[in-house]
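Novice: Sequence and predicted structure are below.
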Amino acid sequence: MTAADAPTWTARVGNPYLHGIHGPVVHETTAIDLEVEGELPADLYGAYVRNGPNQVYEPTNPYHWFDGDGMVHGLYFRDGRLDYRSRFVRTDGLADEVRQGRAIWPGVMGPFDFEKPRHYLKDTANTDLVWHDGHLLATWYLCGTPYRLDPLTLDDRGKADFGGKLTTTVSAHPKVDERTGELVYFTLAEFEPPYMTYGVVSKDGELVHQTPIDLPGARDPHELNITEHYSILHDFPFFHDVEVLRKHGYRVTRFDRSLPSRFGVIPRRGTNEQVRWFEFEPGYVLHMVNAWEEGDWIVIDGCFQPDPTIVAERGKGPLTSMLAYLRVRAHLHRWRMNLETGETWEGPLDDLNVEFCLPDTNLYGVKTRYSYHQYLPEDMVTVDFRALVKYDHEDGSAVRYDYPDGWHGSESPFAPRLGATGEDGGYVVTLMMNVAEARSECWVFAAQQIEKGPIAKAKLPTRVPSGFHARWVPGDRIF
Ligand SMILES: [Fe+2]
């Protein structure tokens, strides 16, 4: 059944990423002073912002979760009250399609058309959000233009060009070092070297460093990490076949178990010649929790997929390959690299299937003890977050809150309370969806007692489709 606030064309497209928790909505919303069950803490001051796909026009080829037009949802907390806004990211691609009144680009399932403007896929900026230099930056996982939004109104502020010096695209998952204010990013090239470019943007929004990085070929890492003095570049043996992409217009990703996973440690403003590569067991990682330095060691904790192979299941019909495209089997894992001796160590911290992991993002680059993850059931058909899991990285122990039947979660950032002391002194905020009732709520958990369930729930006046990345932005950066 198609929800009443979904685009009418979705009724004729039988694709699970266009219905249920994934179904797009037709409207942008502004809502002031939402109805709350329980009590919103007075010391919760700031905004939960989340990016995600919200497809506007009927797709021209099989639709995938990654394809939808970027829409940002903001939940604004101050004085014990809560406002909500949602706005599309005003990308060039969406503007072109609005002018023509139809979809122009195919989606990630292909086939692609290299004659399309700008890129064979639409740069939707639908993946990630980060606050930097007074703006929210919306970015895309296949590397595109960073689009700037007003953190309070979510109004379009145009494209980021970092002082007119940006000459490349930017991948999703740039990291902000809250001690220096720097934004650290990478981007990828699919056909020609340099296959990776690494860069640093100053606190004031000016590009101050950029260097090409040598890779053995085109690669598909999803993010990078920072420590106090270094950045960590990723090279996993799970990447697309360039010749297939070029000749046939499909992005076919393969896992080469004969190659290692590699992390490249580069001084914050270092060059390609200064990168030290460390080798580990083959696999893939979408998202790391954090990285930090311990003496000569660099430690990285993240959600490791030892076998990212796409396994097509029988009996699910023509959408089988699409549904198999995002089968996440990830566990919390630790990697250690010694910069003095070259020694390495790695091992699991737990075996639960978790992803969309966040520490207190103000602490990216320094040692963190806690992180907040989404639990993914092994038997899920589409991506579906079914529990909030809090990890203690000192001993790998976890506490969890299983979402009630019918409720589905979003990435859940930590929000420090005003004047907080202690790493988990604050709240965890998330967006929840109820499919049967076609509605959404914002839930607030006490970070030290997430297993007890939400301490406050606010009713949203609209459904919010499932999304990608969320961040907490402190109030003094917004209001
Ligand atoms: Fe991501």
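Specialist: Now that the structure is in, tell me what you want to look at.

Novice: Tell me how many other residues crowd the closest residue to residue 279 other than its chain neighbours.
Specialist: Taking Cβ to Cβ, 6 or more residues apart in numbering, and ignoring the residues beside it in sequence, residue 279 has residue 260 as its nearest neighbour in space, at 3.9 Å. All C-beta spots, glycine's among them, are computed from the backbone N, C-alpha and C. Residue 260 has 17 neighbours, counted by other Cβ atoms under 10 Å.

Novice: how close does residue 260 sit to residue 212?
Specialist: Going from residue 260 to residue 212 by Cβ to Cβ, to the nearest Å gives 22 Å.

Novice: what does residue 262 give?
Specialist: Residue 262 is 17 Å from residue 212, by Cβ to Cβ.

Novice: hang on, residue 288 packs against residue 299?
Specialist: No. Under the criterion of Cβ atoms under 8 Å, residue 288 is not in contact with residue 299, lying 10.7 Å apart.

Novice: which SSE is residue 86 in?
Specialist: Assigning secondary structure by DSSP states H and E places residue 86 in strand 81-88.

Novice: right, and the helix or strand after that strand?
Specialist: helix 92-100.

Novice: Measure how that next one sits relative to strand 81-88, angle-wise.
Specialist: Here helix 92-100 runs at an angle of 70 degrees relative to strand 81-88 (axes from the mean of the first three to the mean of the last three Cα atoms, to 10 degrees).

Novice: shouldn't the residue nearest to residue 279 be in contact with residue 238?
Specialist: No. Applying Cβ under 8 Å, one finds residue 260 not in contact with residue 238, separated by 11.8 Å.

Novice: Next one: the residue of the chain most remote from its centre relative to residue 280, how far apart?
Specialist: Residue farthest from the centre of the chain, counting by Cα atoms, centre = their mean, is residue 341 at 33.8 Å. Separation of residue 341 from residue 280 (Cβ to Cβ): 16 Å.

Novice: do residue 298 as well
Specialist: 12 Å.

Novice: shared neighbours, the two?
Specialist: Shared contacts of residue 298 and residue 280 (Cβ atoms under 8 Å, 6 or more residues apart in numbering): none.

Novice: can you pull the contacts of the residue nearest to residue 245 when sequence neighbours are not counted?
Specialist: Leaving aside its chain neighbours, residue 245 sits nearest to residue 251 (5.6 Å; criterion: Cβ to Cβ, 6+ apart). By Cβ under 8 Å, 6+ apart, residue 251 lies in contact with 108, 110, 112, 240, 245.

Novice: So which residues of the stretch 251-400 of the chain form strands?
Specialist: 253-255, 261-267, 276-280, 284-294, 297-305, 331-338, 344-348, 354-358, 370-375, 387-392, 397-402 (DSSP state E, counting those that start in this stretch).

Novice: can I get those in CSV with mean neighbour count, mean pLDDT and distance to residue 364?
Specialist: Compiled in CSV, the strands of the stretch 251-400 of the chain are given as follows (neighbours: other Cβ atoms under 10 Å; pLDDT from 0 to 100; distance: least, Cβ to Cβ, whole Å):
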stretch, mean neighbour count, mean pLDDT, distance to residue 364
strand 253-255, 15, 86, 27
strand 261-267, 21, 98, 16
strand 276-280, 17, 98, 20
strand 284-294, 22, 97, 6
strand 297-305, 23, 97, 12
strand 331-338, 20, 98, 16
strand 344-348, 13, 98, 21
strand 354-358, 24, 97, 10
strand 370-375, 24, 98, 12
strand 387-392, 21, 98, 16
strand 397-402, 16, 97, 21
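
Novice: Which one of those strands lies nearest to residue 421?
Specialist: strand 370-375 (14.1 Å; Cβ to Cβ).

Novice: Tell me the bridge partners for the closest residue to residue 235 other than its chain neighbours.
Specialist: Leaving out its chain neighbours, the residue that sits closest to residue 235 by Cβ to Cβ, 6+ apart is residue 262, at 4.2 Å. Residue 262 has these beta-bridge partners by DSSP bridges: residue 235, residue 279.

Novice: which residues does residue 262 contact?
Specialist: Contacts of residue 262 by Cβ under 8 Å, 6+ apart are 234, 235, 236, 277, 278, 279, 280.

Novice: and those as JSON lines, adding distance to residue 397?
Specialist: Formatted as JSON lines, these follow (distance: Cβ to Cβ, whole Å):
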{"residue": "234", "distance to residue 397": "27"}
{"residue": "235", "distance to residue 397": "31"}
{"residue": "236", "distance to residue 397": "28"}
{"residue": "277", "distance to residue 397": "33"}
{"residue": "278", "distance to residue 397": "28"}
{"residue": "279", "distance to residue 397": "30"}
{"residue": "280", "distance to residue 397": "24"}
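
Novice: on that earlier part again, let's have the contacts of residue 251 in JSON lines, adding distance to residue 70.
Specialist: Converted to JSON lines, the contacts of residue 251 look like this (distance: Cβ to Cβ, whole Å):
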{"residue": "108", "distance to residue 70": "14"}
{"residue": "110", "distance to residue 70": "20"}
{"residue": "112", "distance to residue 70": "20"}
{"residue": "240", "distance to residue 70": "22"}
{"residue": "245", "distance to residue 70": "23"}
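
Novice: which residues sit in contact with the nearest residue to residue 90 once chain neighbours are set aside?
Specialist: Excluding the flanking residues, the one nearest residue 90 by Cβ to Cβ, 6+ apart is residue 156, at 4.0 Å. Residue 156 makes contacts with 87, 89, 90, 147, 148, 149, 150, as judged by Cβ under 8 Å, 6+ apart.

Novice: Right, I'll call it a day here.
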